[in-house]
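Fold the following, please.
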Amino acid sequence: MSAATISNGFQNNVTEMIDLDRLISQQLRPSVTAIDLKGEYPEKFLRYLGTLGGFAGVVSSEFGGNNRGLSHSIGVMDRIGQVCLSTAFIVWCQTACARYVQLSNNADLKAELLPDLAEGRRFAGTGLSNTFKSCSEIERFLLSARRVPGGYEISGNLPWVSNLGHDHVFATACPVEGDGRLIFFIVNCAQEGFRLIDGAHFAALEGTRTLACQFRNCRIDDSHVLAHPEESETYLARIRPGMILAQMGMALGLIAGCIDLIESANRTHAHINRYLDDQADDLRGVLAGAHQETYRLAHVLDADPTAPVMSDVLQIRLKGGELSLRAAQAAILHQGARGYLVHSAAQRRLREAYFVAIVTPAIKHLRRELAQFSLGPETIGDVRRPLHPTVN
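Alright, predicted model coming up:
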């Protein structure tokens, strides 16, 4: 899928596209194996990406962004994801958190964080996986908040939050004791009462600084609250569709990268690969449709973050996960034995595809949400639900 065939706010700026492609070629592509196999964090690339405006799409010009919206961020992830899904995921983490801040009513917090997030001077993660799954009754809330004068105290543990470090921030949420509704807030990883723990190691995405988070009466001042309990229902409705849709940047890039691998293999093995089910043209056709729908929805949500398109968002995100698996399997089958080598891009892309399929919201989560959608959107993501036992 060439850049010329993609219609979005990033690729339409030819100079930016050339600069990003040059940065990917010079800074990212040579480091992909180290990112994947050694867990190298691509900080230098990310810093340069910030200077190019790669994080700026979801931030308004008032706070140092370019105000081009979700389509810009998806386009950046798409280009990066064609080479390295770990780095594309980090971009999603950064821009997701920036968008959470942008869509909050906390003007002081916007002024404090958004300029640095938009330009990559500070990095950010998003720890809302447990929140979204708990609101959907898939698992229990792992954090709780207690109201104290001037803020809240947070206790509990989150197992996996990505793009973290001592000087990073991230967004998360939890129910308030005695209220049941959620508070959304920003955590400074260096603050008192909070600790990062290096725990699990994964089959892929090791370069994303995914760490466990421990809260022990960790104080969150009102100045770092994204949404108080009385605001949380409307706030969740603002951030959730765009957060899910933006993940399509990873899927679109991965699928395009798999098509490149198929075409590379067919330069010498087309005579035998033609017996495989999925060919490059087959995948290119479905990818084009996914592109079109993704950017259509991005423009809708940029105009109105609460537009009634959740069902469409869930469906295209589900398609993104399913197509990622399909394309990655086709790529490794086309590559054959050489695709099964430790340093092969094909086996890496397959591992990355499984991540697209299981990262929140996972394929099973998306299918459950769509199955329940006929019951009415008020049954999905209800922030007033009490704590639930884990549902296996």
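
residues contacting the residue lying closest to Ile197 once chain neighbours are set aside?
Nearest residue to Ile197, sequence neighbours excluded (Cβ to Cβ, 6 or more residues apart in numbering): Ala212, at 4.1 Å. Where you see a C-beta, it was placed from the backbone N, CA and C, and this is true even at glycine. Residues near Ala212 by Cβ atoms under 8 Å, 6 or more residues apart in numbering: Asn157, Leu158, Pro159, Trp160, Val161, Leu196, Ile197, Asp198, Gly199, Ala200.

For PyMOL, what selects the buried ones among the residues you listed?
Per 16 or more other Cβ atoms under 10 Å, the buried members of the contacts of Ala212 correspond to this PyMOL selection:
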select buried, resi 158+160+161+196
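
From the contacts of Ala212, pick the one nearest Lys319.
Lys319 lies nearest to Trp160 out of the contacts of Ala212, by Cβ to Cβ, at 24.9 Å.

check contacts around that closest one.
Applying Cβ under 8 Å, 6+ apart, the residues near Trp160 are Ser129, Ala200, Thr210, Leu211, Ala212.

Would you mind measuring from it to Ser232?
Between Trp160 and Ser232 the distance is 23 Å, computed by Cβ to Cβ, to the nearest Å.

Count the neighbours of the closest residue to Ile24 other than its chain neighbours for me.
In space, and not counting its chain neighbours, Ile24 is closest to Val83: 5.7 Å by Cβ to Cβ, 6+ apart. A count of neighbours around Val83, defined by other Cβ atoms under 10 Å, yields 21.

for Val83, phi and psi?
phi -110, psi -40 (degrees, to the nearest 10).

who's in contact with it?
Val83 neighbours (Cβ under 8 Å, 6+ apart): Ile24, Leu28, Arg29, Val32, Gly253, Gly257.

Distance to Arg121, neighbour count and secondary structure added to those, as CSV?
Below are the contacts of Val83 laid out as CSV (distance: Cβ to Cβ, whole Å; neighbours: other Cβ atoms under 10 Å; DSSP: H, G, I helix; E, B strand; the rest coil):
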residue, distance to Arg121, neighbour count, secondary structure
Ile24, 21, 19, helix
Leu28, 20, 23, helix
Arg29, 24, 13, helix
Val32, 25, 21, helix
Gly253, 25, 27, helix
Gly257, 29, 24, helix
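
how about these in CSV, adding distance to Gln335 and pLDDT?
Converted to CSV, these look like this (distance: Cβ to Cβ, whole Å; pLDDT from 0 to 100):
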residue, distance to Gln335, pLDDT
Ile24, 22, 97
Leu28, 21, 97
Arg29, 18, 97
Val32, 16, 97
Gly253, 18, 98
Gly257, 12, 98
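
Let me have these in TSV, extended by distance to Phe373.
Formatted as TSV, those follow (distance: Cβ to Cβ, whole Å):
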residue	distance to Phe373
Ile24	37
Leu28	38
Arg29	40
Val32	38
Gly253	28
Gly257	31
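
now, which of those residues sits nearest Val342?
Val32 (13.2 Å).

Contact partners for that closest one?
Counted by Cβ under 8 Å, 6+ apart, Val32 has contacts Val83, Cys84, Ala345, Arg348.

which one among the contacts of Ala212 gets closest to Asn217?
Asn157 (13.1 Å).

one step back: the contacts of Trp160 in helices, which ones?
Members of the contacts of Trp160 lying in helices (criterion: DSSP state H): Ser129.
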